[in-house]
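Enquirer: When you get a sec, could you give me coordinates for this:
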Amino acid sequence: MNREQLKELGLTDEQIESVMKAHGKSIQDLKPAQEELDGLKTEKSTLEQQLADLQNTLNTQKDELSSVDDLKKEVETYKLKDLKTNIAVQAGIPLELAGRLSGSTEEEIKADAEKIAGFVNKKQPLPMKTTEPPKVDEKEQAYAKILENLKGE
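Expert: The predicted model follows:
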């Protein structure tokens, strides 16, 4: 709005002056509100940047925590493997079979080791005399009898 537009509307100089004063006053009243709005916009952008930084930090922390969890699982695996090896040695089980021991606690693994040790450490009886039927061929039968007599001595 300017003075020429008001003159075209047919207002007197006094009316134009009072309208201009009122307009100036309203503009002056809006300046602090505009400054406050600009300050809020600046604060908003600062807070948005802080939020983005915090989200990046949170994502980094999550990645680090998952790495720590993976390492904990790996350590537990190695502890269990070491425990199985120690129990296998104590039970007299060959180390090749230590990985086959099952259980998640020491007691369960020991119980399984005792079962396996019963099979592994069991002495096999020597085979008895052959149970094959005698050979029909007399010549071969004679040679077999000679061998048996030689073994018997």
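Enquirer: longest helix of the protein?
Expert: Longest helix of the chain, by residue count under DSSP state H: helix 13-91.
Enquirer: Buried residues, the helix or strand that comes right after it. List them.
Expert: Helices and strands here follow DSSP states H and E; after helix 13-91, the next one along the chain is helix 106-120. By neighbour count, and taking 16 or more other C-beta atoms under 10 Å as the criterion, the buried residues in helix 106-120 are 109-110, 112-113, 116-117. Just so you know, the C-beta spots here come from the backbone N, C-alpha and C atoms, and that holds for glycine as well.
Enquirer: Neighbours of Leu83, how many?
Expert: Leu83 sits with 17 neighbouring residues when counted by other C-beta atoms under 10 Å.
Enquirer: Do you know the pLDDT at Gln55?
Expert: Residue-level confidence at Gln55 comes out at 95, pLDDT.
Enquirer: residue contacts, it?
Expert: By C-beta atoms under 8 Å, 6 or more residues apart in numbering, Gln55 lies in contact with nothing.
Enquirer: For Gln49, see how far away it is.
Expert: Relative to Gln49, Gln55 is positioned 11 Å away (criterion: C-beta to C-beta, to the nearest Å).
Enquirer: Counting by contacts, list what the helix or strand bottoming out on mean pLDDT in the chain packs against.
Expert: Using mean pLDDT, DSSP states H and E, the weakest-scoring helix or strand in the chain turns out to be helix 3-8, at a mean of 76. Using 3 or more C-beta pairs under 8 Å, 6 or more residues apart in numbering; DSSP states H and E as the contact criterion, the elements in contact with helix 3-8 are helix 13-91.
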